[in-house]
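Chemist: Fold the following, please.
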Amino acid sequence: MSTDQLHYERVEANGLSFRVATAGEGDRLALLLHGFPELAFSWRHQISTLVAQGYRVWAPDLRGYGGTDKPKGVERYAIENLVADVGGLIDASGARSTFLMGHDWGAIVAWIFAIRRTRELDRLAILNVPHPALIRENATWRQPLRSWYIAFFQIPWLPEKVLALRDASSIARVFTSSATHPDRFPEPVLQVYRDAALQPGALTAMLNYYRALVRGGQARQARLGFPVVDVPTLMLWGENDVALGIELTHGTDRYVSDLTLRYLPGISHWVQQDDPETVNAMLEAWLQGRVVPEKTSLASMSAE
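Modeler: Predicted coordinates for the structure are as follows:
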């Protein structure tokens, strides 16, 4: 599915106008939250799979991204505002039940949304972001080296200048330099992300997520504590994540009462774009109440 094959609608929620890729119908909502430096477009391989499972799918460009409003000011990107956006979108959908799925920054927001019980959820899926409590508990000395870019993003205006250079070539390299299957990110796909990042105010908005988290958002959430998530949760983790160590997933079952965790060996942080076939097969099994196969089992079945 290419970007011009996605159907977009405008949705007003939490005081902002969101551009939302929509598909399917009914009152069972699958709300998909993308990460940095992505868009709703990053879910292009999952949308039809979820529609086939009976969901009405909404994949918004998050606050500050793509065709969605880009409010000014670091404080506008506080985690509390991002969580409120999700609540507003669910309310706007009028759905009877909600399956929330997030990747990268979208997964951070999804975790907090579920932990704070902002709205009732039917299911939760998390892709390549650890539970927020485990970021502190399990991090080794290597993790700050992996996450060096977060410190760089705290500098005023310079990161925006660097990321915008040469038609936002750094945005393209974020994918191609770390993807296990860079062929999944051909030039037309990379151009979608570059064009979005080069919109006026977009890069500052995207970086303000990190700035707001470091300037108090993470500490505020830690002070509130992390009660156990009792929503059935699927966690998928590409093991070749260059930014987040696999050790950050260990102990997730202490914070999630109904957890299904599957690792994808040899797959990068961009898991749903890097290996959509495996991700979709695991999603289908989980949503249908079947045992979620391991990646090695799926590979064996494909070879037969």
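
Chemist: What residues sit buried inside whichever strand or helix holds Arg262?
Modeler: Taking DSSP states H and E as the criterion, Arg262 maps to strand 259-268. Buried residues in strand 259-268, defined by neighbour count with 16 or more other C-beta atoms under 10 Å: Leu259, Thr260, Leu261, Arg262, Tyr263, Leu264, Ile267, Ser268. Placement of C-beta: from N, CA and C, glycine included.

Chemist: same thing with stretch 204-220?
Modeler: Buried positions in stretch 204-220, judged by neighbour count with 16+ other C-beta under 10 Å: Thr204, Ala205, Met206, Leu207, Asn208, Tyr209, Tyr210, Arg211, Ala212, Leu213, Gly217, Gln218.

Chemist: swap in stretch 163-175?
Modeler: Buried residues in stretch 163-175 (16+ other C-beta under 10 Å): Leu163, Ala164, Ala168, Ser170, Ile171, Ala172, Val174, Phe175.

Chemist: can I have that stretch written out in CSV, keeping just the CAs?
Modeler: The C-alpha trace of stretch 163-175 is given here as CSV (Å, rounded to 0.1, in the frame of the first residue of the first chain):
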residue,chain,number,x,y,z
LEU,A,163,18.2,17.0,10.1
ALA,A,164,17.0,19.3,7.4
LEU,A,165,20.3,19.3,5.4
ARG,A,166,20.4,17.9,1.9
ASP,A,167,16.6,17.3,1.6
ALA,A,168,16.5,15.8,5.1
SER,A,169,18.9,13.0,4.1
SER,A,170,19.5,12.2,7.8
ILE,A,171,15.8,11.3,8.1
ALA,A,172,16.2,8.8,5.3
ARG,A,173,19.4,7.4,6.9
VAL,A,174,17.6,6.8,10.2
PHE,A,175,15.8,4.0,8.4
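
Chemist: Mind checking what secondary structure the closest residue to Asp61 other than its chain neighbours has?
Modeler: Among residues not flanking Asp61 along the chain, Thr68 sits closest, at 4.2 Å (C-beta to C-beta, 6 or more residues apart in numbering). Using DSSP: H, G, I helix; E, B strand; the rest coil, the secondary structure recorded for Thr68 is coil.

Chemist: rewinding a little: out of the buried residues of strand 259-268, who's nearest His103?
Modeler: Taking C-beta to C-beta as the measure, His103 lies nearest Ser268 of those, at 11.8 Å.

Chemist: just checking, the closest one touches Leu244?
Modeler: No. Using C-beta atoms under 8 Å, Ser268 is not in contact with Leu244, being 10.9 Å away.

Chemist: and which of the buried residues of stretch 163-175 is nearest to Ala59?
Modeler: Of the buried residues of stretch 163-175, the one sitting nearest to Ala59 (C-beta to C-beta) turns out to be Phe175, at 18.0 Å.

Chemist: that's a helix at the closest one, yeah?
Modeler: Yes. Under three-state DSSP, Phe175 sits within a helix.
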